[in-house]
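1. pasted the sequence and its predicted model underneath.
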2 protein chains.
Amino acid sequence: MESTTVTDMIERALDAIRFGPDGLVPAIAQQHDTGEILMLAWMNRDAVRASLTEGRACYWSRSRGKLWRKGETSGQVQVLRELRIDCDGDAVLLMVDQDGVACHTGRRSCFFRAWRDGAWTITAAPQIPPEILYPDTVGR
Amino acid sequence: MESTTVTDMIERALDAIRFGPDGLVPAIAQQHDTGEILMLAWMNRDAVRASLTEGRACYWSRSRGKLWRKGETSGQVQVLRELRIDCDGDAVLLMVDQDGVACHTGRRSCFFRAWRDGAWTITAAPQIPPEILYPDTVGR
């Protein structure tokens, strides 16, 4: 009975989210304590369900067309601290504890390009070489 | 000549942004000093151009189908401190100085619903009554 109740609750959580015509909503990942914005990704119903059930950020990969448990390849898991939605219910905020780095370039945040004085400026260096994050894919 | 140069620069900024098939990218507005996430909205090329030119957040309103200078009705302007893009160039981060509140409900942030203990919990109260923000529209 317990698992049914939890499932029912998660379905209620899903009912408040207005997924787009493609079944997706944008999801912001923010480091829960520092406020740093780590990345923006996309979630479908299954991704929200998996995130709430498993307590870790899970997205829908538009490029790969499948569920994407953040960190499943790189090890850079995002532990879910809180899931929020906005006033319209069509955007999600994941407050997470990021293990290591969020960006596939090895940077803590994906938002490392700032428009300053008429040019895109790199604001952060990689903390981990991408070839260590993705040893089986980089260079192919 | 000066204005031509500025225009050229902004077109170069736009070239790095990968707008979706609908001509839009999601844009996160973050209070630049506290790190608080204020809202998520959408931008097209004209919205990015206007934001960079005018130094204030300008979005594309999907519901109204027109350019939306944040604060034009409510007075709650977002002064643009920095515009960033993510690693893929398909998401924008606006670091802003929010005048008053970001949310049409009168709350500082639109993300005021958190999933806690199996229910959506309101995390913040309105700071300004919506009827003061939108005296000509509320109640109609």
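-> Thanks, I have it.
2. kindly report the residues of chain A close to chain B.
-> Listed as neighbours of chain B in chain A under the rule CB under 8 Å from any CB of the partner chain: A:6, A:9, A:12-13, A:16, A:26, A:28, A:30, A:34-37, A:39-40, A:52, A:82-89, A:91, A:93, A:103-105, A:107, A:110-116, A:118-120, A:123. Yep, even glycine has a C-beta here, placed from its N, CA and C like the rest.
3. can you tell me which of those residues are in strands?
-> Applying DSSP state E to these, the entries found in strands are A:26, A:28, A:30, A:37, A:39-40, A:82-85, A:93, A:113-116, A:119-120.
4. just the buried ones from those?
-> The neighbour count (16 or more other CB atoms under 10 Å in any protein chain shown) marks A:26, A:28, A:30, A:37, A:39-40, A:82-85, A:93, A:113-115, A:120 as buried among those.
5. in terms of distance to B:R64, which of these ranks first?
-> Distance to B:R64 across these (CB to CB) is lowest for A:P26, with 19.2 Å.
6. give the contact list for the residue in chain A that chain B sits nearest to.
-> Nearest residue of chain A to chain B: A:G35, at 2.5 Å (CB to the nearest CB). A:G35 makes contact with B:30, B:34-37, according to CB atoms under 8 Å, 6 or more residues apart in numbering or on different chains.
7. what's the answer for A:G100, then?
-> Contact analysis of A:G100 by CB under 8 Å, 6+ apart lists A:74-76, A:127-128.
8. how far away is the residue of chain A closest to chain B from B:A13?
-> Here the criterion is CB to CB, to the nearest Å. By it, A:G35 lies 25 Å from B:A13.
9. do the same with A:D88
-> Taken as CB to CB, the span from A:D88 to B:A13 is 28 Å.
10. which one's more surrounded, those two?
-> B:A13 (18 against 13; other CB atoms under 10 Å in any protein chain shown).
11. surely the more buried one meets B:L52?
-> Yes - taking CB atoms under 8 Å as the definition, B:A13 is a contact partner of B:L52 at 6.3 Å.
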